[in-house]
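Undergrad: only the shape, not the letters, is given here:
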């Protein structure tokens, strides 16, 4: 590894989060790109030395004598190299807050507007409101519109329900922002992006990393909470005045909630599980484990550090992730083939008899094919990166 001039001014300009409420065995820092990084005390100590201009050869002499006695010089050098490599990767990323699979990120509502709205909605997270609201949601679940009400909806009702559904998705993101504001943190912008081939809304609540894990879980679930509360209120309106679009909206919202709770994709369920286990990089454990399995030393210290139920949950999570993504990737090529056939059929129909519905079908099919193709390409690039990482771990361990 080439030594980087870590002593130059401004690199790496990482700041400690003063007064953060994270666990005592973790240190929180903010990078120049605004990303929150949670570090072990040893990694935090190394970063501070690098910021002071301590170079690789000088690192062992700057380590406390007690640590030098229990750790070999080669081990200290390896720690320095690993931390410096991680710093370099994070500093090189244009947006370190963007998880893998997210692309086409566009801000829709500014940070100042989000904060004003979130501050007004924060009252819904006060216990004397949240507890009755949760009971109301449970009641609404039992008294929601029937499936028959959805099947009897007209095309106009479906279109209006879809528009309301889009608004409810934005309201979902304000739920995250409101929970963040309730705990004294300032949420950032609400925007639109693509996650793999799916369009999504998002809210940047990265300041919530300064909160303890239990409060981060509330922020993670805040979107589902407010979305369900709004749908429940609409369901009660439906019983007073049957509006045909409400049953459709209700079913779409419940489907979204169930999808959001999937911990195997980067939805709310993933962040709830990661914060419950207090493992911010939960998704990276699988790739790290695979990379180290191919190394000569097969160092599994990142797993052995987990105790009790956390280790069991992580192992089950990694196995489920492998199965889920295997099926997801296997479904992409047939999906792309179906889109190609739909495009060819629509083009043939447009050539013989043009109509608005056929033209819309053609546009939708082309869009779906484009999104699926981009997803396949991005997954391929990710696979190449994982292979390179695994090969690099094998070379470094056998060198």
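TA: Now that the structure is in, tell me what you want to look at. A quick note: this is a predicted structure, and the numbers were derived from the prediction, not measured.

Undergrad: the closest residue to residue 199 other than its chain neighbours in helix, strand or coil?
TA: Distances taken as CB to CB, 6 or more residues apart in numbering put residue 192 closest to residue 199, at 7.0 Å, once the chain neighbours are dropped. (Each C-beta comes from the backbone N, C-alpha and C, glycine too.) Here residue 192 is strand, with the state taken from DSSP: H, G, I helix; E, B strand; the rest coil.

Undergrad: thought residue 192 was touching residue 173?
TA: No - contact between residue 192 and residue 173 fails when scored by CB atoms under 8 Å: they sit 9.9 Å apart.

Undergrad: which of those two has more neighbours?
TA: A direct count of neighbours by other CB atoms under 10 Å for residue 192 and residue 173 places residue 173 higher, at 28 against 17.

Undergrad: pretty sure that one is touching residue 222, no?
TA: No - counting by CB under 8 Å, residue 173 does not reach residue 222; the two are 9.5 Å apart.

Undergrad: grab the nearest non-local neighbour of residue 110.
TA: Nearest non-adjacent residue to residue 110 (CB to CB, 6+ apart): residue 189, at 6.0 Å.

Undergrad: count the neighbours of that neighbour for me.
TA: That count, for residue 189 with other CB under 10 Å as the rule, works out to 20.

Undergrad: same question for residue 381.
TA: 11.

Undergrad: any idea of the mean pLDDT in the helix or strand hosting it?
TA: Assigned by DSSP states H and E, residue 381 belongs to helix 356-398. In this model, helix 356-398 has an average pLDDT of 68.

Undergrad: got it, and stretch 207-216?
TA: 88.

Undergrad: for stretch 112-120, buried residues please.
TA: Buried residues in stretch 112-120, counted by 16 or more other CB atoms under 10 Å: 114, 115, 117, 118.

Undergrad: tell me the two of those that are most distant?
TA: 115 and 117 (7.5 Å; CB to CB).

Undergrad: show me the buried residues of stretch 112-120 that map onto helices.
TA: 114, 115, 117, 118 (DSSP state H).

Undergrad: would you confirm that residue 37 belongs to a strand?
TA: Yes - judged by three-state DSSP, residue 37 forms part of a strand.

Undergrad: wait, it touches residue 43, no?
TA: No - look at residue 37 against residue 43 with CB under 8 Å: they stay out of range, at 9.0 Å.

Undergrad: tell me the helix or strand right after the helix or strand bottoming out on mean pLDDT in the chain.
TA: Ranked by mean pLDDT, DSSP states H and E, the weakest helix or strand in the chain is helix 147-151, scoring a mean of 50. Downstream of helix 147-151, the next assigned helix or strand under DSSP H and E is helix 155-182.

Undergrad: ok, back up a step: closest to residue 106 out of the ones in helices among the buried residues of stretch 112-120?
TA: residue 114 (14.5 Å).

Undergrad: ok, the closest one - contacts?
TA: 174, 177, 187, 188, 189, 190, 203 (CB atoms under 8 Å, 6 or more residues apart in numbering).

Undergrad: most neighbours among the residues you listed, which one?
TA: Most crowded among these, counting by other CB under 10 Å, is residue 177 at 32 neighbours.

Undergrad: mind showing which ranges of the stretch 101-250 of the chain have poor pLDDT?
TA: 142-155 (pLDDT under 70).

Undergrad: so the residue nearest to residue 110 sits against residue 106, correct?
TA: No - Residue 189 is beyond contact range of residue 106, at 9.7 Å (criterion: CB under 8 Å).

Undergrad: the chain: strands as residue ranges?
TA: Assigned by DSSP state E, the chain shows strands spanning 15-16, 27-30, 36-39, 102-109, 190-195, 198-203.

Undergrad: would you list these in JSON lines and tack on distance to residue 236?
TA: JSON lines is the format used below for these (distance: least, CB to CB, whole Å):
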{"stretch": "strand 15-16", "distance to residue 236": "48"}
{"stretch": "strand 27-30", "distance to residue 236": "42"}
{"stretch": "strand 36-39", "distance to residue 236": "40"}
{"stretch": "strand 102-109", "distance to residue 236": "28"}
{"stretch": "strand 190-195", "distance to residue 236": "27"}
{"stretch": "strand 198-203", "distance to residue 236": "25"}
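
Undergrad: can you say which of those is nearest to residue 277?
TA: strand 36-39 (12.8 Å).

Undergrad: who does that closest one pair up with?
TA: strand 27-30 (antiparallel) (DSSP bridges).

Undergrad: residue 261 versus the residue lying closest to residue 203 once chain neighbours are set aside, what's the distance?
TA: Spatially, and ignoring its direct neighbours in sequence, residue 203 is nearest to residue 173 (3.9 Å; CB to CB, 6+ apart). Applying CB to CB, to the nearest Å, the value for residue 173 to residue 261 is 16 Å.

Undergrad: could you break the chain into its assigned domains?
TA: 15-92, 102-277, 296-398 (automatic domain parsing).

Undergrad: burial-wise, tell me which of the ones you listed comes out on top.
TA: domain 102-277 (a mean of 18; mean count of other CB atoms under 10 Å).

Undergrad: what's the span of that domain, first residue to last?
TA: 23 Å (CA to CA, to the nearest Å).

Undergrad: isn't residue 260 up against residue 268?
TA: Yes - taking contacts as CB under 8 Å, residue 260 lies within contact range of residue 268: 4.4 Å.
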